[in-house]
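1. Just to be clear, the model below is a prediction. Sequence and coordinates:
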Amino acid sequence: MPTPLKQLISLADTPNYHIVSRCVRRSWLCGKDPYNGKDYSYRREWFIERFEELVKTFAIEISAYAIMSNHFHLVLHINAERAKAWSREEIIDQWHTLYHGNLLSQRFTAGEALSEAEHTVLDKSVNLWRERLQSISWFMSALNEPIARRANKEDKVTGKFWEARFKSQALLDETALLSAMVYCDLNPIRAKMADIPEDSDYTSIQERIIAAGKGSIPDKLHRFQGHEKKEQKDGIPCALKDYIALVDATGRLIRKDKSGAIDAGLNPILQRLNIDTDTWLFMAATFEDSNGPWVGAERNLAQVCERTKKKWICNTPAHQKLHPT
């Protein structure tokens, strides 16, 4: 029996999650279908367009993404403080960006006077929408449903386009977060669709590299803190240049023709994180398959066990080595 999402996704554990959503039907989502020969690569742009809309609406940020042929990966960060800071008017405006709201919210937006009782009812709706605008389940629904309808209409079919539920992995600490991001960004290299990160189309690492070359920062992506956390209170816990170097070096080692000596470029950031290089390489290549729905140090997993009333959570030897207590 699948673990309920309310246990898998909990701000009490972490704001960071690795998400995977796969296509149900044999025909591929965004690549060249080997069965009918059609190339659906243009559909990847649908995701980019939707990402840009959703991160402006939800209090959820994208730390990493990779849009593959028949599935996609996301590393998401829930920004609860952003949702908490939104006013009643902002919540209604955000919600109306994607949904119709209700009669009271429509009247409020139109400037009509509401009674005290109507304001009380509206406040209940606003509180509900505030929660939904920081919900990964609602974010994924707002992402997947329009794309499924658009693809079904184009293919002239009906029925499910996605698997019943997306896969979620809670990233309980900084090491889990970075390893999930690198795994996500290197998907095209692992699938032999690209040789280097900057050639990995429709990935966050390619977008970050292109933007860095122009001296800019992608609006839809979660930002890096830098070496000192005082530079930015909220962000991915390393510098962008270090992360790009880490992805590049790891990607070269994952390729079979580059399986020799460990690249020295891996050492500085891994030393700061106290991660064994060989174990890092294993996890970067097999992150999704080697971990359960929670990923992190043993002490963090123990806390999840206590909260969820589980006696144990899958923790492989490689995982234990990568995420020491």
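-> Here it is on my side, so go on. Numbering: from 1, shown residues only.
2. so who does the spatially most central residue of the chain touch?
-> Against the mean C-alpha coordinate of the chain, by C-alpha atoms, centre = their mean, the closest residue is residue 75 at 2.2 Å. Residue 75 makes contacts with 16-19, 62-65, 171, 177, 180-181, 184, as judged by C-beta atoms under 8 Å, 6 or more residues apart in numbering. No exception for glycine: its C-beta is placed from N, CA and C like everyone else's.
3. With pLDDT and neighbour count added, can I get those residues in JSON lines?
-> What follows is the contacts of residue 75, written out as JSON lines (pLDDT from 0 to 100; neighbours: other C-beta atoms under 10 Å):
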{"residue": "16", "pLDDT": "94", "neighbour count": "25"}
{"residue": "17", "pLDDT": "95", "neighbour count": "26"}
{"residue": "18", "pLDDT": "94", "neighbour count": "27"}
{"residue": "19", "pLDDT": "94", "neighbour count": "22"}
{"residue": "62", "pLDDT": "97", "neighbour count": "21"}
{"residue": "63", "pLDDT": "96", "neighbour count": "25"}
{"residue": "64", "pLDDT": "97", "neighbour count": "30"}
{"residue": "65", "pLDDT": "96", "neighbour count": "25"}
{"residue": "171", "pLDDT": "91", "neighbour count": "27"}
{"residue": "177", "pLDDT": "92", "neighbour count": "25"}
{"residue": "180", "pLDDT": "92", "neighbour count": "27"}
{"residue": "181", "pLDDT": "94", "neighbour count": "28"}
{"residue": "184", "pLDDT": "93", "neighbour count": "25"}
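4. Name the nearest of those relative to residue 97.
-> Using C-beta to C-beta, residue 62 is the member of these that lies nearest residue 97, at 17.2 Å.
5. So the closest one sits against residue 52, correct?
-> No. Under the criterion of C-beta atoms under 8 Å, residue 62 makes no contact with residue 52, lying 9.8 Å away.
6. who touches both of those two?
-> Residues within reach of residue 62 and of residue 52 at once, by C-beta under 8 Å, 6+ apart, are residue 220.
7. that older thread, just confirm the residue nearest to the centre of the chain is within a strand.
-> Yes. Residue 75 forms part of a strand when assessed by DSSP: H, G, I helix; E, B strand; the rest coil.
8. what pairs with it across the strands?
-> Beta-bridge partners for residue 75, by DSSP bridges, are residue 18, residue 64.
9. In the chain, which residue sits furthest out from the middle?
-> Distance from the C-alpha centroid of the chain peaks at residue 115, with 41.4 Å (C-alpha atoms, centre = their mean).
10. So which bits of the lengthiest helix in the chain are buried?
-> The residue-count maximum for a helix in the chain (DSSP state H) belongs to helix 136-155. Under the neighbour-count criterion of 16 or more other C-beta atoms under 10 Å, helix 136-155 has 136, 138-140, 142-144, 147-148, 151 buried.
11. Rounded mean pLDDT for that helix, please.
-> Here the mean pLDDT over helix 136-155 is 91, rounded to a whole number.
12. Among the contacts of residue 75, pick out the one closest to residue 250, please.
-> Comparing the contacts of residue 75 against residue 250 with C-beta to C-beta places residue 181 closest, at 10.8 Å.
13. how far away is residue 148 from residue 217?
-> 31 Å (C-beta to C-beta, to the nearest Å).
14. should've said residue 14
-> Shown here: residue 14 relative to residue 217, a distance of 24 Å by C-beta to C-beta.
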